[in-house]
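>>> coordinates for the following, if possible.
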Amino acid sequence: MATLHNSSAAYDFSLFEEYAPEVQKTSQKASIDHPINNVVEMPQQKKKIGLRVRKRALKVVGMGIGLATMVSMVGVLIFGQVQLTELTDQIGKQKTALSEQQSLQTQLQVKADSQLSLSSLEERAKEMGMQKVNTTQATTINLSQGDKSQVVTSTKTPSFLERVWDQIVSLLS
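Numbering: from 1, shown residues only. Have a look, this model is predicted:
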């Protein structure tokens, strides 16, 4: 058996092996002649390695799918933010254009109102040689017999089709 004072004692696995004292003596003699096989076979470990590889592969595939899902979600979020920013810019531009058009419409309305004002119309009429209405321009008309009204009746007799139509209308009403 190895002593504890050995510097490589931490790596000496012979400390964990169980030997009978006489087996150790014979094993030292036998190690000179031929080495003893102290390997323990573990057939289940091969099966576990296959399972580990499958579990690891499934874990990697699952993590890959999860990572791809997260990346696509972040991509969709970024895409949505870009679209929102672009639409906000378009709305701002349209609001600016609308305010400019409203300002132009107000200016044109003021200009049209100023051209149609009473003072401008009077000025334009004077340029054309017109003048304001005065009493010399008014003519009075006298009716000696007074106001009369006369009701005109039609002497025309309705035709046969008109009378039939009138009968149908009167029956329906």
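
>>> residues near residue 163, how many?
Neighbour count for residue 163, taken as other C-beta atoms under 10 Å: 11. All C-beta atoms are positioned from the backbone trio N, CA, C, and that covers glycine.

>>> so the closest residue in space to residue 125 that isn't next to it in sequence is in which element?
Closest residue to residue 125 apart from its sequence neighbours, by C-beta to C-beta, 6 or more residues apart in numbering: residue 131 at 7.9 Å. Per DSSP states H and E: residue 131 is located in neither a helix nor a strand.

>>> skip ahead from the helix or strand containing residue 93 and say which helix or strand is next.
Using DSSP H and E, residue 93 maps to helix 43-115. Sequence order places helix 118-127 as the next helix or strand after helix 43-115, per DSSP H and E.

>>> return that next one as PDB; C-alpha atoms alone will do.
The C-alpha coordinates for helix 118-127 follow below in PDB (Å, rounded to 0.1, in the frame of the first residue of the first chain):
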ATOM      1  CA  LEU A 118     -68.800  97.100 -50.500                       C
ATOM      2  CA  SER A 119     -66.100  99.800 -50.800                       C
ATOM      3  CA  SER A 120     -64.300  97.900 -53.500                       C
ATOM      4  CA  LEU A 121     -67.500  97.300 -55.400                       C
ATOM      5  CA  GLU A 122     -68.400 101.000 -55.200                       C
ATOM      6  CA  GLU A 123     -65.000 101.900 -56.400                       C
ATOM      7  CA  ARG A 124     -65.200  99.400 -59.300                       C
ATOM      8  CA  ALA A 125     -68.700 100.800 -60.200                       C
ATOM      9  CA  LYS A 126     -67.400 104.400 -60.300                       C
ATOM     10  CA  GLU A 127     -64.600 103.200 -62.700                       C
END
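
>>> and the contacts of it?
Residues outside helix 118-127 that contact it (C-beta atoms under 8 Å, 6 or more residues apart in numbering): 114, 131.

>>> quick check on the residue nearest to residue 125: phi, psi?
Per-residue torsions, residue 131: phi -140, psi 170 (degrees, to the nearest 10).

>>> now do it: how many residues are near it, please.
When neighbours are defined as other C-beta under 10 Å, residue 131 has 8 of them.

>>> how close does it sit to residue 68?
Per C-beta to C-beta, to the nearest Å, residue 131 is found 90 Å from residue 68.

>>> three-state assignment of residue 156?
The three-state assignment at residue 156 reads coil, by DSSP: H, G, I helix; E, B strand; the rest coil.

>>> which pLDDT value goes with it?
Turning to residue 156, the model gives it a pLDDT of 76.

>>> can you list the weak-confidence ranges in the protein?
1-53, 143-147, 154 (pLDDT under 70).
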